[in-house]
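Peer 1: model the structure of this input:
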Amino acid sequence: MTTAKQPAWDVVALGEALVEFNQTRPGEPQYLQGFGGDTSNAVIAAARAGARTAYLTRLGSDAFGQALLDLWAREGVDTTAVERDAQHPTGIYFVTHGAAGHEFSYLRAGSAASRMAPAWLADESVDGPAAVLQQCRILHVSGISLAVSASACDTAYEAMRVARAAGARVAFDPNLRLKLWPLARARACIAHAVSLCDIFLPGLDDMAALLGLHDADAIADWGHAQGAATVVVKLGADGVLLSSADPAVPRQRVAGRSVALVDATGAGDCFDGNLLARLALGDDLAAAVRYANTAASLTVQGFGAVAPLPTAQLVQALL
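Peer 2: Numbers count the residues shown, from 1 in each chain. Predicted coordinates:
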């Protein structure tokens with residue numbers, strides 16, 4: 001008797017990783033160097049939650065690119081299929097803080113990751129990106145991956161197709177950044193991505209800016225109408241709305257946790273990574289959301305996108 005081969009990876013993410021400079025005192029030129037990039041943050045969060053993870057991206061052949069590879073090695077994120085580019089740099093960004101919250105400023109135009117193209121995924125070698133996509137339980141992609149360039153957008157769509165064809169679930173977070181692309185293009189590209197995903201992970205603020213939707217139920221309805229089977233609407237301090245396209249499964253709200261906010265950078269990425277890790281490891285959706293909510297409440301109590309991401313032990317202790 002033969003048994004089905006188990007996927008090599010629980011969570012694989014595709015996108016652009018960057019080096020981060022995060023302002024530590026509002027109005028003053030003091031910055032803490034760290035790492036960012038939404039899907040990179042999410043896959044590191046998934047690794048700290050106990051998932052087997054891999055990342056797909058392109059990096060410059062520069063010191064920042066090597067620093068990211070060293071980071072993923074420390075975190076246990078496989079980078080076998082990461083491609084280096086001697087002609088284009090690794091992207092960087094700055095986070096500043098003020099009365100209106102945190103603001104991002106990017107230096108990523110023409111980055112190595114923005115040069116991703118679908119042909120890259122056609123590499124059929126045993127450790128190439130196609131093999132990684134075909135051996136995962138869940139692929140995670142974001143709207144930022146669609147926004148950095150047209151070729152990166154096409155690459156993300158192709159990755160979603162390849163992963164689903166191999167039996168994986170696809171998760172998509174719109175993570176809207178209107179500094180990166182026009183609203184009309186964002187609407188069209190994000191709607192198409194939702195039609196290719198199984199798990200849609202929108203935030204309330206993003207959907208208000210993208211479509212003028214301010215109600216969590218309306219956002220869930222829109223996600224299902226595009227084709228997503230599961231919608232998890234992130235409501236910030238108000239928690240999360242869970243919705244299934246199956247009418248037999250009632251919608252459910254999970255309350256948020258009240259904590260002292262230090263820096264919200266990467267909180268949504270932390271939530272995504274922990275949620276997907278727990279789903280891949282066998283939790284039902286409600287349990288995975290409670291775990292991810294707890295993880296996100298921990299990460300906002302420190303500076304930066306990566307450093308404060310909690311381990312499974314810290315999350316379990318708080319739960």
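Peer 1: for residue 61, what are its contacts?
Peer 2: 84-86 (CB atoms under 8 Å, 6 or more residues apart in numbering). Any C-beta I mention is one placed from the backbone N, CA and C, and that applies to glycine too.
Peer 1: please pull out the lowest mean pLDDT helix or strand from the protein.
Peer 2: The least trusted helix or strand in the chain, going by mean pLDDT, DSSP states H and E, turns out to be strand 101-107, with a mean of 82.
Peer 1: of the contacts of residue 61, which is the most crowded?
Peer 2: Per-residue neighbour counts (other CB atoms under 10 Å) across the contacts of residue 61 peak at residue 85, which has 18 neighbours.
Peer 1: list the contacts for the residue nearest to residue 246 when sequence neighbours are not counted?
Peer 2: Leaving aside its sequence neighbours, residue 246 sits nearest to residue 229 (CB to CB, 6 or more residues apart in numbering; 7.8 Å). Residues near residue 229 by CB under 8 Å, 6+ apart: 198-199, 244-246.
Peer 1: same deal with residue 94?
Peer 2: Contacts for residue 94 (CB under 8 Å, 6+ apart) come out as 20-23, 31, 104-105, 107.
Peer 1: before we move on, what about residue 228?
Peer 2: 172, 194-195, 197-200, 245 are the contacts of residue 228 under CB under 8 Å, 6+ apart.
Peer 1: tell me the least confident of those?
Peer 2: By pLDDT, residue 245 ranks lowest within the contacts of residue 228, coming in at 93.
Peer 1: surely it touches residue 226?
Peer 2: No - taking contacts as CB atoms under 8 Å, residue 245 lies outside contact range of residue 226: 10.6 Å.
Peer 1: who's residue 20 bridged to?
Peer 2: When assigned by DSSP bridges, residue 20 has beta-bridge partners residue 34, residue 93.
Peer 1: ok, it to residue 266 distance?
Peer 2: Per CB to CB, to the nearest Å, residue 20 is found 9 Å from residue 266.
Peer 1: residue 109 in helix, strand or coil?
Peer 2: coil (DSSP: H, G, I helix; E, B strand; the rest coil).
Peer 1: cool, and residue 32?
Peer 2: Assigned by three-state DSSP, the conformation of residue 32 is strand.
Peer 1: cool, and residue 308?
Peer 2: Per three-state DSSP, residue 308 ends up coil.
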